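> After the sequence you'll find the predicted model.
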Amino acid sequence: MRARLGIAPIAWWNDDLEELSDDVTLEECLRQVSLAGFAGAETGRRFPMNMSELGPILRKFRLSVCGGWFSGMLLDGDIEAEKDRIRVQMDFFTAAKAPCIVYGEVARSIQGERTKPLATKPRLNDEEIKAYGRQMTRFAEWCAEQGTPIAYHHHMGAVIETEPELDLLMKNSGAALGLLFDTGHLAFAGGDVLRAIDHHHERIRHVHTKDVRRHVIDRIDRERDSFLDAVVRGAFTVPGDGSLDFTAIVKRLVSYGYEGWFVVEAEQDPKRNPPLEMAKKGHEELMRVMAAAGYEVVS
């Protein structure tokens, strides 16, 4: 079994809360990504959206694009409008030979609003999720036809946050809609990470290996505190620095034949948690658990 290790630049520059960002250039960020041992990086707000500009920097540090976020609005929008919105990123990712686009639904989401407590997250009833699943399937089928599939990111503060919501979306959508499985978001939402892998392994196209600090999450007041408050307090971290059992998680994924990217994606304060130091820690832990699970890590 083979897999590759990547990392998201959110440890260096937070897209939702810019004060949680390190003062480094794109080139310095990617230098540190390479130094930590990763083979790829997801895109972020300081990445140019074309390979003519980004390609030479990636080649310099022997890295590839291993994914990247797209702020989807299909829940309240029009499918043709979404096709137009994703077109530039899709063309860029196709040129970069990226494995997928990470689709995050931001319509009605409170994930980027610090004034909105976690308890005020948007909620859909079963019929609304069924209709949304049909729309997402049609959109995912079109994306796949264009050559770049999407992977759906369940996310704190969004319409698909909890394990039951994820179950309903997967049940009421087609195989073209891949899943970005994010260990940290599911654990924060109260889900059972291993059970979710059991239920949805056939749909998992991309994995975010986000760890959680359980002692921080347990002190979050969801009636008062926002998602960004939790991030600032250190709810998330890299594998090996938190509470999740990545030995069990990786073994469960290998048992179902997952071969793809494992991406460290852990937003936190770079002043309290230096990005290079944390990246090295996450890489070291993943290499350890992946070797124990029988993966060959491809560089």
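Received the coordinates, thanks. Numbers count the residues shown, from 1 in each chain.

> Tell me where the chain has helices.
Along the chain, the segments classed as helices by DSSP state H run 26-36, 51-60, 79-96, 126-146, 163-171, 183-188, 193-200, 214-217, 227-233, 246-255, 275-293.

> in this structure, which residue is closest to the centre?
By CA atoms, centre = their mean, the chain has its centre lying nearest to residue 208, at 4.8 Å.

> what's the closest of the helices of the chain to residue 102?
helix 79-96 (10.2 Å; CB to CB). Placement of C-beta: from N, CA and C, glycine included.

> List the buried residues of the closest one.
82, 85, 86, 89, 90, 91, 92, 93, 96 (16 or more other CB atoms under 10 Å).

> Please verify my assumption that the fifth one contacts residue 148.
Yes: taking CB atoms under 8 Å as the contact criterion, residue 90 and residue 148 are neighbours in contact, 5.0 Å apart.

> how about stretch 63-76: buried residues?
Neighbour count says stretch 63-76 has 63, 64, 65, 66, 67, 68, 69, 70, 72, 73, 74, 75 buried, by 16+ other CB under 10 Å.

> ok now do residue 100, which residues does it touch?
67, 93, 148, 149, 150, 151, 178, 180, 205, 206 (CB atoms under 8 Å, 6 or more residues apart in numbering).

> With distance to residue 123 and pLDDT added, can I get those in JSON lines?
Listed next are the contacts of residue 100 as JSON lines, based on distance: CB to CB, whole Å; pLDDT from 0 to 100:
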{"residue": "67", "distance to residue 123": "28", "pLDDT": "97"}
{"residue": "93", "distance to residue 123": "31", "pLDDT": "97"}
{"residue": "148", "distance to residue 123": "31", "pLDDT": "96"}
{"residue": "149", "distance to residue 123": "28", "pLDDT": "98"}
{"residue": "150", "distance to residue 123": "23", "pLDDT": "98"}
{"residue": "151", "distance to residue 123": "23", "pLDDT": "98"}
{"residue": "178", "distance to residue 123": "24", "pLDDT": "98"}
{"residue": "180", "distance to residue 123": "21", "pLDDT": "98"}
{"residue": "205", "distance to residue 123": "26", "pLDDT": "98"}
{"residue": "206", "distance to residue 123": "26", "pLDDT": "98"}
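
> and which of these is nearest to residue 117?
Among the contacts of residue 100, residue 180 lies closest to residue 117 (CB to CB), at 25.1 Å.

> and the closest one, how many neighbours does it have?
26 (other CB atoms under 10 Å).

> any idea how far it lies from residue 150?
Counting by CB to CB, to the nearest Å, the gap from residue 180 to residue 150 is 9 Å.

> hmm, back to that, now for residue 90 and residue 148: what residues contact both?
residue 101.

> what's residue 170 in contact with, if anything?
Taking CB under 8 Å, 6+ apart as the contact definition, residue 170 lies against 179, 199, 200, 203.

> could the helices of the chain go into TSV alongside distance to residue 9?
Below are the helices of the chain laid out as TSV (distance: least, CB to CB, whole Å):
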stretch	distance to residue 9
helix 26-36	6
helix 51-60	12
helix 79-96	15
helix 126-146	23
helix 163-171	25
helix 183-188	17
helix 193-200	24
helix 214-217	22
helix 227-233	15
helix 246-255	21
helix 275-293	9
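
> For residue 67, give its distance to residue 236.
Residue 67 is 18 Å from residue 236, by CB to CB.

> what does residue 35 give?
22 Å.

> which of those two has more neighbours?
For the pair residue 35 and residue 236, the greater number of neighbours falls to residue 236 (27 against 13), based on other CB under 10 Å.

> So what sits opposite the more buried one in the bridge?
Going by DSSP bridges, residue 236 is paired in beta bridges with residue 212.

> show me what contacts it?
With CB under 8 Å, 6+ apart, residue 236 has these contacts: 184, 188, 210, 211, 212, 213, 242, 266, 267, 268.

> hmm, back to that, for residue 180 and residue 150, list the residues in contact with both.
In contact with both residue 180 and residue 150: 100, 102, 103, using CB under 8 Å, 6+ apart.

> any idea of the pLDDT on the residue lying farthest from the centre of the chain?
In the chain, counting by CA atoms, centre = their mean, residue 127 sits farthest out from the average C-alpha position, at 26.5 Å. Residue 127 is assigned 98 on the pLDDT scale.
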